[in-house]
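Student: Quick one, structure for this:
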Amino acid sequence: MCQFFLFVDNLSERILPHTDPTYCRWPPVTLDEIRTGKNTYNITLCIQLHSNASANNSITTYPIQSVFDKKADDSWVSFKTIGEYARSIWKLAIYPSVYRTYPQDIPFKNVVEAIKSGSPVSVMPNYNFPIHIRNTSKSVCSNSTKYDLVIVVKSGVLGWERRQQFRAYMQRQKDRNPNTKLGIVFSLGMPRQHGGRIFNRDGHTTVLEGPVGDMMDEYIGRSSEVMQKIEEEMRKYDDIVLADYEDTYYNLTWKTVTNLRWISAFCDKLHNDVFMIIDDDHRMNVSMLMKFLASVPRDKRRTSIFGRIARSDGAFRSPLSKLYLSFREIPWDVMCAYPRGFCQLIGADIVDDMAIGSAYTRYNYVHEDVYLGLLAFKLGIPLEHVDTMYDHGEFELRRPPNSAYMVAESRFWKSD
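Tutor: Below you'll find the model as predicted:
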């Protein structure tokens, strides 16, 4: 059924006509369709099930010969069962066919087009978790503002110092590129209520080390104080998109889904060809970035994901690693190609598809960049490698001496 939407219009509340199927669509035609208050929004997808379809999704199974090289075996398997197999069988895995089993395996093209048009779908999403925007910028992607590039910065809720440093850097970049209009927002969730730096990863206790973990411990039980700081930032800078998920390292995929939905619903996808998503500890050379984008054919810009593409990464199986993935979460040993998480450029023509596809692609476990790779695989989105984008230590390991770089960690930019 179509979801209920409540919004405030000049202090008077009214309920949108939720019985009208035109309101069950994505992206919304107007923000009033998803508005719940003065500056709050429900970005959970509103989806109608076709009258002839079942609301209960069955488990998808596959001939084992389609995902493993076992020609004499006529059995059928599911994503759950292959995660329970002995590891020896994975030497026979058929890549990339095995990635199809990652939930949900649906006719993505048909479902996406149906949701865009407000039509009923043949299958309901299993991962359409409730997400609400509690605050958004009133200046960026608002009131028909036009930009040459919109940049969404992934930032932790406790990262006010990093945000200040990023703002200062971007002001210098704006001064150097006065003819390039940039829209910049920071994407945040809510402070963690309990647990500090300690997490349960599929039955294993993981301790988040380093400064981020230190701050999480420092602010245990101080969420009201944290929110006061965030509210002050919002009033002063008007550059924060705040959603209601718990903002932790292991919820970065929630942040990524929020970013896709926010861009899809709020931003101008006709004027903008791409959108940048970047970590707050990385920086970009705006002049070099704009020249790079101008060098790419427009249709390719609008339909691809650009970044540093990992094409044969292995899964981290040690529970001691913060990158740990259990066999239940990701059963295969070789990752689906994905854009590394520090930065991506996402084409305007695929943002809506990704925002919709996120409701049909499991994300409550997997890391956000690996998730983007699986989402791109399911949607048939090409991944384009960019040599001049460097993630953390790769700058020192892989950058040719004295060569220019478009994106890199903040420590490599000196006082720029």
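Student: Quickly find the element holding the residue nearest to residue 194 when sequence neighbours are not counted.
Tutor: Once flanking residues are discounted, residue 194 sits nearest to residue 220: 7.7 Å by Cβ to Cβ, 6 or more residues apart in numbering. C-betas here are computed from N, CA, C, even on glycine. In the assignment (DSSP states H and E), residue 220 maps to no helix and no strand.
Student: you'd agree residue 220 is up against residue 197?
Tutor: No: between residue 220 and residue 197 there is no contact under Cβ atoms under 8 Å: 9.1 Å.
Student: Distance of the residue nearest to residue 194 relative to residue 205?
Tutor: Going from residue 220 to residue 205 by Cβ to Cβ, to the nearest Å gives 17 Å.
Student: neighbour-wise, which of those two wins?
Tutor: With neighbours defined as other Cβ atoms under 10 Å, residue 220 and residue 205 compare such that residue 220 has more, 14 against 10.
Student: Look up how far residue 158 lies from the more buried one.
Tutor: Distance from residue 220 to residue 158, counting by Cβ to Cβ: 11 Å.
Student: Residue 66 now?
Tutor: In this view, residue 66 and residue 158 are 46 Å apart by Cβ to Cβ.
Student: Comparing these two, which shows the higher neighbour count?
Tutor: Neighbours were counted for residue 66 and for residue 158 using other Cβ under 10 Å; residue 158 has more, 22 against 13.
Student: show me what contacts the more buried one?
Tutor: The contact partners of residue 158, by Cβ atoms under 8 Å, 6 or more residues apart in numbering, come to 191, 212, 215-216, 219, 226.
Student: again, but for residue 324
Tutor: Counting by Cβ under 8 Å, 6+ apart, residue 324 has contacts 201, 204, 206, 316-318.
Student: Quick one: end-to-end distance for stretch 146-162.
Tutor: Using Cα to Cα, to the nearest Å, the end-to-end distance of stretch 146-162 comes out at 26 Å.
Student: Quick one: distance of that stretch to the chain centre.
Tutor: The chain centroid and the centroid of stretch 146-162 are separated by 14 Å under Cα atoms, centre = their mean, to the nearest Å.
Student: Now do the helices in the stretch 251-400 of the chain.
Tutor: Along the stretch 251-400 of the chain, counting by DSSP state H, counting those that start in this stretch, helices occupy 252-266, 286-295, 298-303, 351-357, 368-379, 394-398.
Student: Revised request: answer the last question for the stretch 51-200 of the chain.
Tutor: 64-67, 79-82, 108-117, 160-176.
Student: Output those in JSON lines; the columns should cover distance to residue 383.
Tutor: Formatted as JSON lines, those follow (distance: least, Cβ to Cβ, whole Å):
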{"stretch": "helix 64-67", "distance to residue 383": "22"}
{"stretch": "helix 79-82", "distance to residue 383": "22"}
{"stretch": "helix 108-117", "distance to residue 383": "16"}
{"stretch": "helix 160-176", "distance to residue 383": "26"}
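Student: excluding its backbone neighbours, what's nearest the residue nearest the centre of the chain?
Tutor: Nearest to the geometric centre of the chain sits residue 256, at 2.0 Å (Cα atoms, centre = their mean). Using Cβ to Cβ, 6+ apart and skipping the chain neighbours, the partner closest in space to residue 256 is residue 368 (4.3 Å).
Student: what about that neighbour, how many neighbours?
Tutor: 21.
Student: ditto for residue 335
Tutor: Neighbours around residue 335, by other Cβ under 10 Å: 23.
Student: Pop out the phi and psi values for it.
Tutor: phi -70, psi 150 (degrees, to the nearest 10).
Student: who touches the most far-flung residue of the chain relative to its centre in this structure?
Tutor: Distance from the C-alpha centroid of the chain, by Cα atoms, centre = their mean, peaks at residue 72 (40.6 Å). By Cβ under 8 Å, 6+ apart, the contact set of residue 72 is empty.
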